[in-house]
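Undergrad: Can you look at this prediction? I've put the sequence above it.
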Amino acid sequence: MSREKLDQMADRERERQEKFDRRVFCCISTACLSAGAGRTMQALKDGLEASQSGDKVEVVQTGCMGLCSRGPLVRVRENTGEETYYADVTTELAEELIAKYVPLSEPKAGDEALAPEIIETRSRLEAARRKRTLKKHILSQNLPFFTKQVKVVLRDVGYVDPEKLEDYLAHGGYQALYKAITEMTPEEVCDEMSRSGLRGRGGAGFPTGTKWTFVRKAESDIKYVVVNGDEGDPGAYMDRTMMEDNPHQVLEGMMIAAYAVGAYHGFFYIRGEYPIAIDRIRRAIRAARRAGILGDSILGSDFNFNADVRIGAGAFVCGEETALIHSIEGKRGMPRMRPPYPATSGLWGKPTVINNVETMASVPAILLNGADWYAKIGTDQSKGTKVFALAGQLTNTGLIEVPMGISLREIVYEMGDNVPGDAEFKAAQTGGPSGGCIPMSHVDTPVDYERLKELGSIMGSGGLVIIDSTTSMPQFARFFMDFCVDESCGKCVPCRVGTVQIRALLDKLLEGRGQVGDLERLEEVCEIVKSTSLCGLGQSAPNPVLSTLQFFREEYEILLPS
Amino acid sequence: MITLTIDGKKIQIEEGTNVLEAALRNGIDIPHLCYHSDLSVSGGCRLCQVEVEGYDQPVTSCGMACAEGLVIQTQSERLTAIRRNLIDIFLADHPLDCVTCDKAGSCLLQKYAYEYGVKETSYIPIYSKTLYQDDNPFFIRDHQYCILCGRCVRVCDEIVGVHAIDFANRGFESHIATPYDGPMIDSSCVFCGNCVEVCPTAALLPVSRLKRGREWDLERVDSICGYCGVGCKIEYAVKDNEIIYAQASVQESVNGSFLCTKGRYGWDFAVNPERLTQPMVRRDLAYSLGISTENWRLPKVSPLDIDKPDVDDYFIPVDWETAYEIVSSKLVDIVKESGPDAIVGLASARCTNEENYLFQKLMRAVIGTNNVDHCARL
Amino acid sequence: MQAFGSGAMTNSIDEIRDADCIFITGSNTAEAHPVISYEVVRAVKGGANLIIVDPRRTPLVDHATLYLQPHPGTDIYVFLAMMHIIIREGWLDEDLIQSETEGFEAYSEIVKDYPPERAALISGVPEDQIQLAARLYALGERAYGDSHYQDARGHSTILYAMGITQRSNGTDSVMTMANMSMLCGQVGKPSTGVNPLRGQANVQGACDVGCLVNVFPGYQRVTDEKARKKLVKTWKVESLPAEVGLTIVEATHAALEGKVRAMYIMGENPMMSDPNTNHVEQAFRNLDFLVVQDIFPSETAFLAHVLLPAASSLEKDGTFTNSERRVQLLQGVIAPPGEALPDWAITSAIARQVAIKMGKDSASKQWEFSGTAEIFDELAASTPIYGGMSFDRLEPQGLQWPCPDQEHPGTPILHVGKFARGKGKFNPVEARDPAEKTDEEYPLNLSTGRVLYHYHSGTMTRRSAPLHWREPHSYAEINPEDAAVVDLKDGDDVDIHSRRGVVHTKTRISNDVPPGTIFLAFHWRESPANRLTQDFALDPVAKIPEYKFSAVRLEKPSAKRNN
């Protein structure tokens, strides 16, 4: 497809959208769906149909709007740009919403032409017009939860219909790809990424531009690009959201990466527990292929690229890049030693770029707005924004995108609106089972790669679990050890046997069989596992224990005989 | 070629060799359980860590490529501590019943526990596996001794090429399994026993050696396999004139560390009771020579059509002198009557060069015919 | 070998792992030579290409990058077409052809008549596959990874076995392999060459030391007067026979005619291993005297007049020569049972007595040996290619012949720089079809061979408990299409009829054999495959029977037989 046709598609969609007086967006992402957004969406659609005003108002299914704890979420956007958010939108509320925002037009052929159920809905809408409950559900956009966010990755999430390529195009989709392949050399693309300071959002924080440059320079006729969508940290769902809610953005980032390194085939590796993400990515690939965005001679250039989806089978360790490679190759997902790094010997021994979903999703905006624009966001070492999944004991939980360097305090007390009830904030866990706990005493820590590391935790992929004063930290640590024991691949002995030993020691303490010296022993075993394990999973498996021992040692000490 | 220094010794080695291999080839033993020179690198046992100049942390030597100028130390206090810790962890999931174990003496875990003075585990012994599988007459699989080094999996895939086994389950539940843990015979296993050969512990043992003597009781004899023409060198473990088991004799051989099913397990024919143990003369010939009084005739039925033909029904035993006398006189009589070309000798592709040499010399130089052939073509 | 000047593996086994392209034909390597198949698997896992040409799908095909499945007996068309393409595309090694070979002109004329279209039509192998095979082999292309060698042309090796030799045109096929390797310069370098895989522990040695009808030890022709004169001296005899002797199959015919009256068989079981068993049995029954020297009462033993108990290879010292010409030392592992003796001791005792009875008392003195080392020294003195060997030098890893003198290190690779016979010779070979034809009565084609767990006539392996456990019964591999014609299911009883006899066995329905072909191993005395094979059409040069083609038909056994 040519650039002109692409622009035509985008323009047509934009014109179509502008014809409406207002558009009603309903989140159908996993969190809202589980809160009943499917029914809400249906009620909105039914109401719109009954109103006979489909030419004035459009109901759109979109992705996540962020405040997942208050779902189903609905947003009304006026043609003027004015927006109103509604939380906890039940089906009754949906009818009230339709009644408020959609004029009840007279049917063209008269009432008698309408189906009985539509007549019934119309009478319900009439009644709903008199209700006044809707107001209570308005979410102020002045809440810190919204105002503190800086949206780069999630910019269009919640606005675009994830199943509609045209909508993505209307939001400027694939412009970055077009810019890359027509105006930039692969080298320039890599340099732009380097200058932007973007670092791997999977957790390790390796500079993306450097990684791409390695692969670009690697000599091989075949190279691969892999998007790591095997998000597995308990409570984390940033990548799922991106794949479910704006799949084309991830695909576009992947294609830019492919262009930059010289790959003509790529894989999305998505965990099998994410059926909607798998479905949406597959739809996106098919739509892009039909539109000539994916395939041979992309957008009229001589760049060829194709992408495919590979589904994980439920192993946490497959998020580790070498295990992921094995899994795609059809082998058991077990990590191997590095070097060689995938950049030199990856998928089927070929140079391979593996980037996390969020990293890929950051790419189009960086290319369009420029590296300098991106580098202005965040801190010295950690540029840009980071998406976090706020979970645990917090009033507002959900998905946020914040600039790097924001303090934990702002996230917990302002955006999260503190822990609910009488309890108090105690600690925040970052980095999932591989991460650590940051206690109240460090709540003013700026959240970036370096500071978190200094505190014995890691940035991780973006899971942020808030723990309140009612939680026992040894219990908490045991939960995560259990997770690590289950998810160890079994290849190296420190992780396979060591984690079981750590868990056994925790059990001994928690069951009241603790002895003097057990804590020192626990630390010793944790250190051995940490220092001798083969891959990142094993090396970080003891972190929850070590970090709770560091900051909450007294909670362990009371488990010992006095 | 690359030059590096290991323990103060300058070593020249081909590019692409890993540090562990370079050390082993130069007589420097770095402890290792999962590494095997003929197999791909795993890195799972973590034992082979070494100190590398310029690196803060110890490096796994099997996973490190030799590079020009590397300076390696294979022994240090820190490394000893690490290795002790690792052996200690291994022993937390490995029964310490060396006193009755068939592998004692050649078990690598035992060797390293001894070398590093790890008498027992400091951990709470928790055994992950108890499965004992004796579903075939070639080898047993005793999972409690398995340390999951994965050598068996790799040899089966990378050398034998059948991939009959792999890791199943995850983490502490991991074990080596055939598809769906089915019996060996239902898998793609070819019973070559190379997995048994590379197993460092008692997890895989030949059935023939169970409770039949320990390493130090067994005498070792190297010989050449008597089956196909590859000429594999086999080390037979022998006790009281009985073969206890066979394994590849890695030293300077065509086959390196590997054998096939016939070479490794097919030696028990030698002690089959049907073996010929004395010279014998057919009953009709014996009668005509006056050795026997029974007037017997060779049955018309083909020996192939008799279910289990009994040699004693056809022959009577004689001593060697008698046998030689009969054979030589018969041959000489026929040469005298019909000339040397009335005699044909068939030598054997299963006999030695010396024997075949003598055989053809007998036919040519003594009897005087070139009628000597063997089944080279069959 | 007529092409290069010697007949053995040109290269060593451990070079296979470093090859860039491996071409296997007529060898079920994974079952008949498993340890060599390990080398192949290693090469493939490292990125080498593996081409297999075989009508039967052997286990190693799982690892092949290219599998060509010609109709039985038509592989020669594929080989000729490959060479046709190589010449046409200019993939040949002109330098080598110019300087080191002869006969290229005549040969290339013949190859012109075998374009790939013709091969495709006859063999059923698609043209593009033949083209690809030709390119991969000729240029030694890898599938991936870096070559072990720095040459512009990758190294390709040919492995073959009885699948191409046990045919009425076996010699032609072997010469074709030699032609192909010379054509592409894939010879005389590591990981190249033409490599027949020998099926028995010491078949190479038995040939080397002269257990063939036309040559003395070291392949010195019996018809060569110089060779005879030399040996007359070494062996201290008056004369040596100058006429080529009778091969096994010829001897069997002669025995039936009464021309051969006695046979001395050492460690062989022709009743199982020779073609047309019924014929063989009649011949043996017709003998005046049959001596069988063996470790077990074999099927042949039951027709013998005298049985001599021998020690097995586990019970004696000596040397074996393997497929790569490596002479290696045996050591006795256990003692022989009862009164059994090593074959050399028995043969020498017989020789002494025969010599005395023939009035050659002095000759009998030459048959006193202190042990195998002494015999080997005499052997080495009589066998030029073993000339520099002695037991001391065979420790620890043996020596590869030729090793003409005591300083010679042995020869891992033959024809380096120069062919053994001087110039390598291109032998013009035309395609020929199998001798026995199928017809309405015998519509199928039987091929015999081996299975992994058994060896040759089964005398040893069928008496090994674990091996017997794994493969206890005989079976015939039959394609589902052929099975359906006679309504046979997997595991059914079946009778296989040929023009020579009937064999009863069970079916194993398998797509590994193509329609029209039956595979039956010859290890099973209950189902002696060689009752079906023919002994009339031997290869004119090597006298090999055509075990890979016998016309047969399948029948369901009659109810009476089942009862």
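TA: On my side now, so go ahead.
Undergrad: Alongside chain B, which residues does chain A contribute?
TA: With the criterion set to C-beta under 8 Å from any C-beta of the partner chain, chain A comes near chain B through A:315, A:317, A:332, A:334, A:336-337, A:339, A:485-501, A:504-505, A:525, A:528, A:531-534. Using the backbone N, CA and C atoms, a C-beta is placed for each residue, glycine as well.
Undergrad: so C:Asp208 touches C:Gln220, yeah?
TA: No: the pair C:Asp208 / C:Gln220 is not scored as a contact, 11.1 Å apart, by C-beta atoms under 8 Å.
Undergrad: Name the residue in those two with the higher neighbour count.
TA: C:Asp208 (27 against 19; other C-beta atoms under 10 Å in any protein chain shown).
Undergrad: Return the residues in contact with the nearest residue to the more buried one once chain neighbours are set aside.
TA: Excluding its sequence neighbours, the residue lying closest to C:Asp208 (C-beta to C-beta, 6 or more residues apart in numbering or on different chains) is C:Thr321, at 5.6 Å. The contact partners of C:Thr321, by C-beta atoms under 8 Å, 6 or more residues apart in numbering or on different chains, come to B:231, B:353, C:202, C:204-205, C:208, C:327-328, C:401.
Undergrad: Same list, those residues, but as CSV with pLDDT please.
TA: As requested, the contacts of C:Thr321 are exported to CSV (pLDDT from 0 to 100):
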residue, pLDDT
B:Gly231, 95
B:Asn353, 97
C:Asn202, 94
C:Gln204, 94
C:Gly205, 94
C:Asp208, 94
C:Val327, 97
C:Gln328, 96
C:Trp401, 92
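Undergrad: would you list those in TSV and tack on distance to A:Ile276 and secondary structure?
TA: Shown next, in TSV, are the contacts of C:Thr321 (distance: C-beta to C-beta, whole Å; DSSP: H, G, I helix; E, B strand; the rest coil):
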residue	distance to A:Ile276	secondary structure
B:Gly231	62	coil
B:Asn353	73	helix
C:Asn202	68	coil
C:Gln204	66	helix
C:Gly205	70	helix
C:Asp208	72	helix
C:Val327	70	strand
C:Gln328	66	strand
C:Trp401	71	coil
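Undergrad: measure C:Glu89 to C:Glu127 for me?
TA: Separation of C:Glu89 from C:Glu127 (C-beta to C-beta, to the nearest Å) stands at 13 Å.
Undergrad: who's more crowded, those two?
TA: The neighbour count for C:Glu89 versus C:Glu127, taken as other C-beta under 10 Å, is higher for C:Glu127 (16 against 13).
Undergrad: quick one: the more buried one from chain A, how far?
TA: Distance, C:Glu127 to chain A, by C-beta to the nearest C-beta, to the nearest Å: 26 Å.
Undergrad: what ranges do the strands span in chain A?
TA: A:22-27, A:57-62, A:74-78, A:83-86, A:138-139, A:224-229, A:265-271, A:306-312, A:352-356, A:385-392, A:398-403, A:425-430, A:436-439, A:463-468 (DSSP state E).
Undergrad: For those, could you give me a markdown table that also reports distance to C:Asp20 and mean neighbour count?
TA: What follows is the strands of chain A, written out as a markdown table (distance: least, C-beta to C-beta, whole Å; neighbours: other C-beta atoms under 10 Å in any protein chain shown):
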| stretch | distance to C:Asp20 | mean neighbour count |
| --- | --- | --- |
| strand A:22-27 | 58 | 24 |
| strand A:57-62 | 56 | 21 |
| strand A:74-78 | 63 | 19 |
| strand A:83-86 | 66 | 20 |
| strand A:138-139 | 67 | 16 |
| strand A:224-229 | 25 | 28 |
| strand A:265-271 | 26 | 24 |
| strand A:306-312 | 30 | 19 |
| strand A:352-356 | 25 | 28 |
| strand A:385-392 | 49 | 25 |
| strand A:398-403 | 53 | 24 |
| strand A:425-430 | 51 | 25 |
| strand A:436-439 | 51 | 25 |
| strand A:463-468 | 49 | 24 |
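Undergrad: Output those strands as CSV; include the columns mean pLDDT and distance to chain C.
TA: Formatted as CSV, the strands of chain A follow (pLDDT from 0 to 100; distance: least, C-beta to the nearest C-beta, whole Å):
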stretch, mean pLDDT, distance to chain C
strand A:22-27, 95, 47
strand A:57-62, 94, 45
strand A:74-78, 95, 52
strand A:83-86, 94, 55
strand A:138-139, 93, 57
strand A:224-229, 97, 14
strand A:265-271, 97, 15
strand A:306-312, 96, 20
strand A:352-356, 97, 15
strand A:385-392, 94, 39
strand A:398-403, 95, 42
strand A:425-430, 94, 41
strand A:436-439, 92, 41
strand A:463-468, 93, 39
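Undergrad: out of those, which comes closest to C:Glu299?
TA: strand A:306-312 (57.7 Å; C-beta to C-beta).
Undergrad: Name the nearest residue to A:Val215, ignoring sequence neighbours.
TA: Residue nearest to A:Val215 in three dimensions, not counting chain neighbours: A:Val261, with 4.1 Å by C-beta to C-beta, 6+ apart.
Undergrad: how deep is that neighbour tucked in, by neighbour count?
TA: There are 25 residues near A:Val261, going by other C-beta under 10 Å.
Undergrad: Repeat that for C:Lys506.
TA: Neighbours of C:Lys506 using other C-beta under 10 Å come to 15.
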